[in-house]
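Trainee: Let me see the structure of the following:
(4 chains)
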Number of protein chains: 2
Amino acid sequence: MSSTRRNHAPTLEDVAQIAGVSRALVSLVMRDSPRVSIESRRRVTDAATKLGYRPNLMARNLASRKTMTIGVLLNDLHNPWFAEVTDGIHASAERHGYQLILASGRRSPRLESRALDTFLASRVDGIIVAGCRLPAARLDAVGAEVPLVSVGRAFSKLGIGSVTTDDADGARMAVEHLYDLGHRRIAHIDGGKGAGASPRRTGYLGTMRRLGLEDSAQVISGDFTEEAGAHGAQRLLRGAVLPTAIFTANDLSAVGAIDVVERGGLVVPDDVAVVGFDNTSLAALNHIGLTTIDQPRREMGAAAATMLINTMNDRGELTDIVMSPSLVVRRTTGRAHV
Amino acid sequence: MSSTRRNHAPTLEDVAQIAGVSRALVSLVMRDSPRVSIESRRRVTDAATKLGYRPNLMARNLASRKTMTIGVLLNDLHNPWFAEVTDGIHASAERHGYQLILASGRRSPRLESRALDTFLASRVDGIIVAGCRLPAARLDAVGAEVPLVSVGRAFSKLGIGSVTTDDADGARMAVEHLYDLGHRRIAHIDGGKGAGASPRRTGYLGTMRRLGLEDSAQVISGDFTEEAGAHGAQRLLRGAVLPTAIFTANDLSAVGAIDVVERGGLVVPDDVAVVGFDNTSLAALNHIGLTTIDQPRREMGAAAATMLINTMNDRGELTDIVMSPSLVVRRTTGRAHV
DNA sequence: TCGATCAGTTAGAGCGCTCCAACTCTAGAC
DNA sequence: GTCTAGAGTTGGAGCGCTCTAACTGATCGA
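Mentor: Below is the predicted model of the structure:
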């Protein structure tokens, strides 16, 4: 099977020879240049298909000194959030004729760092990092070599662009939604040091204060996982006064919390209402039907890619874009039964 | 910000000049050759770090005629199944010193095909496709140019390797588990034309027959989605005799089915037991607690990568590997209440 | 003292492509 | 008939690296 395969792939030269033209002309045809005669174009494409010719990207990129590709570093392939951001990046990149090469950091800063090295070595034209956990200094250094945009986490004052959601405002929406339904004892299970956790926490606290609810405000520490949500809910159930609503830092934690509440013999949303954050596909599952705060992930990805591409082509600057979240009401919230 | 950046990156030449050695020597140092004197190595690495030199992968790959990278085509970034397979691929590739470049087909054969073209143009050393929907002929053609392994779907008789789960056996396990719990009326909501759907269906039918249950066997057509599971369950609920158990083609469909059953006022597993397939993270969520058939996804990914790498280095052949599934019992199955 | 050996180093020829300047024609203007 | 413009085409010089074969000195045994 392999003998035919190994005989190295045809090159421009081979095509030129068969078509009876120069290498340069074949190159022009391959790049869809308008100044090639119909006749020449036909002969070249015929020869190319006959040989099964495929331009060698290495050689092309080396010679042209650009790759038309964007490196995308995803922190965790397991989280649907990244898939949706990537969809947006993909859409914008495709529209502008750019390729994507993806890499997964697998939640490890070491692997993330290595992936960035590979991107730089491959001379990608630009880089997008999503949910990246690398220290700011490292990103800054990379950003000095090639335009870089961060999605989901802002790095102001560095030469780096960013696209984030207004997490604090999302938290406000969650709390106000519950308030409007009559809830007064609203607890928050937070996301610890994760990306976006801090503004969500302060947003919650600020809104509680503004609504005159600071006395019943209660933050339970978590880490964006299902287990953290479950533990947080357990602590709340054991507490002196049970909250009538829980706002969690993300959907996964919300699912963990709901599970514990229901096992405790309580009914969601009648006894305890729950609001998540992210509006991942998880929240949308009918069986779960989670009320949550939506982030426009596709749009965020698309905006990041567009900003990056504009910068690469000197048609724009790297800035910090903040998107607006929105409330998605499903079945885990309802009027408070006092 | 960009003026410093644009002044093209340092090359081997620059490093050689500063270190006062030849280009070839720098090249040797960069590739960790053992036959370089301590002194030379030091001078070169010093010069390299001073300049911030980073080897240009394009040039390297072009000159060496190999890329040490494997192209991985994922059908759908949104499905956690792919993330786990990728973890396995990653682990094996890393151990052998190979890079990964990922591409998402976004469920579209057109995009999948284009991604393969990019892989070929980039001259990757090998390709792994996961859950690929491309026609066999196309994969065969690609496989003729570069070693290719398919995960999750077998293509016997072609020059392509594959790693799959014994889907029929998994279906057997599901049915026998339910049988052992006393269930006799077991329905199946299938996966239509999706990867693995067919053997799961025939495995179900075969086992039902073997257990003398062919008269109550019932296949409802679906397509691996949550909606399909819901529709299937609706049809079953409207039927003359309600099955006491439902075996769905995957976890997502199971979740859809459970939702409909519960909304119909029935209790899972007391009134209707449900078994899924895949054991995705979804099934493991406490709130869902789905009994399902596990596929060793990480191992499948790792096996695919190892087989591919061995083939690329003429240390092995492409074959068809079939892994064993296993039953994971959670809370959606229990003894039948006749 | 003289090769032989070997560790360490180097020049130079590519790898397959792009890009530029320059070339050849043909057609139109006068 | 000459000149010019422009369309179409081409040779050749790189892009930044690897790889081969050959070179340079020490080192060493005879």
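
Trainee: drop to CA atoms for contacts and neighbour counts, all remaining ones
Mentor: Noted.

Trainee: Could I get the full set of strands for chain A?
Mentor: Applying DSSP state E to chain A gives strands spanning A:69-74, A:99-104, A:126-130, A:148-151, A:161-165, A:186-189, A:218-220, A:245-248, A:273-275, A:292-294, A:320-323, A:326-328.

Trainee: To B:Val268, which of those strands lies closest?
Mentor: Relative to B:Val268, the nearest member of the strands of chain A by CA to CA is strand A:273-275, separated by 23.3 Å.

Trainee: Give me the contact status of the closest one with chain B.
Mentor: No - Strand A:273-275 lies apart from chain B when judged by CA under 8 Å from any CA of the partner chain; the minimum separation is 14.0 Å.

Trainee: Which elements pack onto that strand?
Mentor: If contacts are counted by 3 or more CA pairs under 8 Å, 6 or more residues apart in numbering or on different chains; DSSP states H and E, strand A:273-275 sits against strand A:245-248, helix A:251-263.

Trainee: and the last one, what does it pack onto?
Mentor: I take that to be helix A:251-263. In this structure, helix A:251-263 packs against helix A:226-238, strand A:273-275, helix A:281-284, with contacts taken as 3+ CA pairs under 8 Å, 6+ apart.

Trainee: The shortest one now?
Mentor: Where contact means 3+ CA pairs under 8 Å, 6+ apart, strand A:245-248 is packed against helix A:167-180, strand A:186-189, strand A:273-275.

Trainee: Tell me the strands beside that strand, with direction?
Mentor: When pairing is defined by DSSP bridges, strand A:245-248 lines up against strand A:186-189 (parallel), strand A:273-275 (parallel).

Trainee: and the stretch 1-150 of chain A, which residues reach chain B?
Mentor: Remark: the part of the stretch 1-150 of chain A in contact with chain B comprises A:1-2, A:5, A:54-59, A:61-62, A:77-80, A:83-84, A:100-103, A:120-123, A:144-146, using CA under 8 Å from any CA.

Trainee: From the residues you listed, list the ones also adjacent to DNA strand D.
Mentor: Applying CA under 7 Å from any atom of the strand to the residues of the stretch 1-150 of chain A next to chain B, one finds that A:Ala59, A:Leu62 fall near DNA strand D.

Trainee: Return the member of the helices and strands packed on helix A:251-263 having the minimum mean pLDDT.
Mentor: When the helices and strands packed on helix A:251-263 are compared on average pLDDT, helix A:281-284 comes out lowest at a mean of 89.

Trainee: thinking again about what came up before, what's the most buried one of the helices and strands packed on strand A:245-248?
Mentor: Sort the helices and strands packed on strand A:245-248 by mean neighbour count, taking mean count of other CA atoms under 10 Å in any protein chain shown, and strand A:273-275 sits at the top with a mean of 30.

Trainee: now that one, how far from the centre of its chain.
Mentor: With CA atoms, centre = their mean, to the nearest Å as the basis, the distance from the averaged C-alpha position of strand A:273-275 to the chain average is 25 Å.

Trainee: So which residues on the stretch 151-300 of chain A come close to DNA strand D?
Mentor: With the criterion set to CA under 7 Å from any atom of the strand, the stretch 151-300 of chain A never comes near DNA strand D.

Trainee: okay, the helices and strands packed on strand A:245-248 in TSV with distance to DNA strand C next?
Mentor: Rendered in TSV, the data for the helices and strands packed on strand A:245-248 read as follows (distance: least, CA to the nearest atom of the strand, whole Å):
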stretch	distance to DNA strand C
helix A:167-180	43
strand A:186-189	54
strand A:273-275	53
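
Trainee: Contacts only, for A:Gly152.
Mentor: Applying CA atoms under 8 Å, 6 or more residues apart in numbering or on different chains, we find A:Gly152 in contact with A:Ala130, A:Gly131, A:Ser162, A:Val163, A:Thr164, A:Thr165, A:Ala195, A:Gly196.

Trainee: Surely A:Met68 touches A:Ser122?
Mentor: No - A:Met68 is beyond contact range of A:Ser122, at 11.2 Å (criterion: CA atoms under 8 Å).

Trainee: Comparing those two, which shows the higher neighbour count?
Mentor: Counted by other CA atoms under 10 Å in any protein chain shown, A:Met68 and A:Ser122 do not tie: A:Ser122 has more neighbours, with 22 against 17.

Trainee: pretty sure the more buried one is in contact with B:Asn56, am I right?
Mentor: Yes - contact between A:Ser122 and B:Asn56 holds when scored by CA under 8 Å: they sit 6.4 Å apart.

Trainee: Quick check: pLDDT value at A:Ala47.
Mentor: At A:Ala47, pLDDT is 95.

Trainee: and the stretch 51-200 of chain A, which of its residues are near DNA strand C?
Mentor: Remark: the part of the stretch 51-200 of chain A in contact with DNA strand C comprises A:Arg54, A:Pro55, A:Asn56, A:Leu57, A:Ala59, A:Arg60, A:Asn61, A:Leu62, A:Ala63, A:Ser64, using CA under 7 Å from any atom of the strand.

Trainee: just those now: which is nearest DNA strand D?
Mentor: DNA strand D has its nearest neighbour among those in A:Ala63, at 3.3 Å by CA to the nearest atom of the strand.

Trainee: Count the neighbours of that closest one for me.
Mentor: For A:Ala63, the tally of surrounding residues (other CA under 10 Å) stands at 12.

Trainee: Could you report the separation of it from A:Ser27?
Mentor: As for A:Ala63, its distance to A:Ser27 is 12 Å (criterion: CA to CA, to the nearest Å).

Trainee: same question, A:Leu242
Mentor: For A:Leu242 relative to A:Ser27 (CA to CA), the value is 72 Å.

Trainee: The two: which is more packed in?
Mentor: Comparing A:Leu242 with A:Ser27 by other CA under 10 Å, the one with more neighbours is A:Ser27, at 18 against 15.

Trainee: Spit out the contact partners of the more buried one.
Mentor: Contacts for A:Ser27 (CA under 8 Å, 6+ apart) come out as A:Leu12.

Trainee: That one and A:Val274, how far apart?
Mentor: Between A:Ser27 and A:Val274 the distance is 61 Å, computed by CA to CA.

Trainee: swap in A:Leu148?
Mentor: 37 Å.

Trainee: go on, A:Val268?
Mentor: Looking at A:Val268 against A:Val274, where the rule is CA to CA, the gap reads 7 Å.

Trainee: Give me the common contacts of the two.
Mentor: A:Ile258, A:Thr332, A:Thr333.

Trainee: got a pLDDT number for the residue of the stretch 201-338 of chain A at minimum distance from DNA strand D?
Mentor: Among the residues of the stretch 201-338 of chain A, A:Met312 lies nearest to DNA strand D; the distance is 18.0 Å by CA to the nearest atom of the strand. The predicted local confidence for A:Met312 comes out at a pLDDT of 93.
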